[in-house]
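In: output the structure for:
(one chain, ligands or ions: 1)
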Amino acid sequence: MSLKDMSEDGDRECMQTDSEGSIGDLVIIRRVKPEELNKLVSVYRSAYEGLEDYAYTSGSDIRGYMRWLYRGDPGGFFVAELNGEVVGFVSVHTDWWDKRIGRTAEIHEVVVHKRYQRKGIGKKLIKRAIEYAVEKKCEWASLWVGAGNTVAREWYLKVGFEEVGEGYYWVRMLKRLA
Ligand SMILES: CC(C)(COP(=O)(O)OP(=O)(O)OC[C@H]1O[C@@H](n2cnc3c(N)ncnc32)[C@H](O)[C@@H]1OP(=O)(O)O)[C@@H](O)C(=O)NCCC(=O)NCCS
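Out: As a prediction, the model looks like this:
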């Protein structure tokens, strides 16, 4: 069943899955295939609904951004797949440079489709990105999050990041890996 079908008449199916167990347990985390990058546009848009100040909004900008994320570190781009449908993704660049800490794994993006948020999928994605960063011998993971994106800020604290600086619009967060 596709996301579209689910939104049209599949709430019943989602609820059945919920009552039988966690949707997060059915999710597979795997590397993105370059040919599916364009499919991520709708997942990205849905995740950022209401947070457009911190996101690209035009289709061509988002597609360009997906390609930029992929090119920067193809091995660090993972998707969350549920019943054959991509419902979230994470991108980390493991050869990034930060003037404060030196080499770092920069988490550029982590998103979960609105319908599937708060089911443990984001946590699985970030865990996989961090595993990859550790495989690549990174000692730090880092990211920027929108200052007004309070849900994501709280969420990053929950998954072990610390806020280390705040600008007008963005907050810098770090996590020590080694
Ligand atoms: C941030 C984001 C990726 C989190 O993904 P998610 O799949 O909803 O998060 P999870 O279900 O894995 O959350 C894990 C924990 O955070 C908690 N959590 C998630 N969303 C929360 C919310 N809105 N309020 C309070 N707690 C929240 C969960 O309850 C869970 O806690 P637990 O492990 O103690 O039970 C998702 O909210 C998202 O796509 N946001 C929009 C895009 C964005 O802002 N990305 C970050 C860019 S810097």
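In: can we go C-alpha only for contacts and neighbour counts from here?
Out: OK.
In: can you tell if the one helix or strand residue 87 maps to touches the ligand?
Out: Using DSSP states H and E, residue 87 sits in strand 85-98. No. Strand 85-98 lies out of reach of the ligand by Cα under 6 Å from any ligand atom, never closer than 7.4 Å.
In: neighbours of residue 128, just the number please.
Out: Using other Cα atoms under 10 Å, residue 128 has 19 other residues around it.
In: residue 152 now?
Out: Neighbours of residue 152 under the rule other Cα under 10 Å: 15.
In: ok, residue 48 - contacts?
Out: 54-55 (Cα atoms under 8 Å, 6 or more residues apart in numbering).
In: give me the residue ranges of this structure where confidence is low.
Out: 1-21 (pLDDT under 70).
In: pull up the distance across stretch 158-175, start to finish.
Out: Length of stretch 158-175, first residue to last, Cα to Cα, to the nearest Å: 11 Å.
In: go on, stretch 77-93?
Out: Start-to-end, stretch 77-93 (Cα to Cα) is 8 Å.
In: the spatially most central residue of the chain - nearest residue in space that isn't next to it in sequence?
Out: Nearest residue to the geometric centre of the chain (Cα atoms, centre = their mean): residue 110, 1.4 Å. Of all residues not flanking residue 110 in the chain, residue 90 sits nearest, at 4.2 Å (Cα to Cα, 6 or more residues apart in numbering).
In: what's the answer for residue 103, then?
Out: Nearest residue to residue 103, sequence neighbours excluded (Cα to Cα, 6+ apart): residue 97, at 4.6 Å.
In: so how far is the ligand from the one you found?
Out: To the ligand, residue 97 is 18 Å away according to Cα to the nearest ligand atom, to the nearest Å.
In: now do residue 124
Out: Taken as Cα to the nearest ligand atom, the span from residue 124 to the ligand is 6 Å.
In: tell me the buried residues in the strand or helix carrying that residue?
Out: Under the criterion of DSSP H and E, residue 124 resides in helix 121-135. Within helix 121-135, the residues scored as buried using 16 or more other Cα atoms under 10 Å are 121-126, 128-130, 132-134.
In: just give me the closest of those residues to residue 50.
Out: Residue 50 has its nearest neighbour among these in residue 122, at 18.2 Å by Cα to Cα.
In: quick one, what contacts that closest one?
Out: Neighbour list for residue 122: 88, 110-112 [criterion: Cα under 8 Å, 6+ apart].
In: go on, residue 51?
Out: residue 149.
In: please apply the same query to residue 112.
Out: Contacts for residue 112 (Cα under 8 Å, 6+ apart) come out as 43-44, 47, 87-89, 121-122.
In: now what about stretch 74-81, what contacts it?
Out: The contact list for stretch 74-81 (Cα under 8 Å, 6+ apart) reads 27-32, 69-70, 86-94, 121, 125, 128-129, 132-133.
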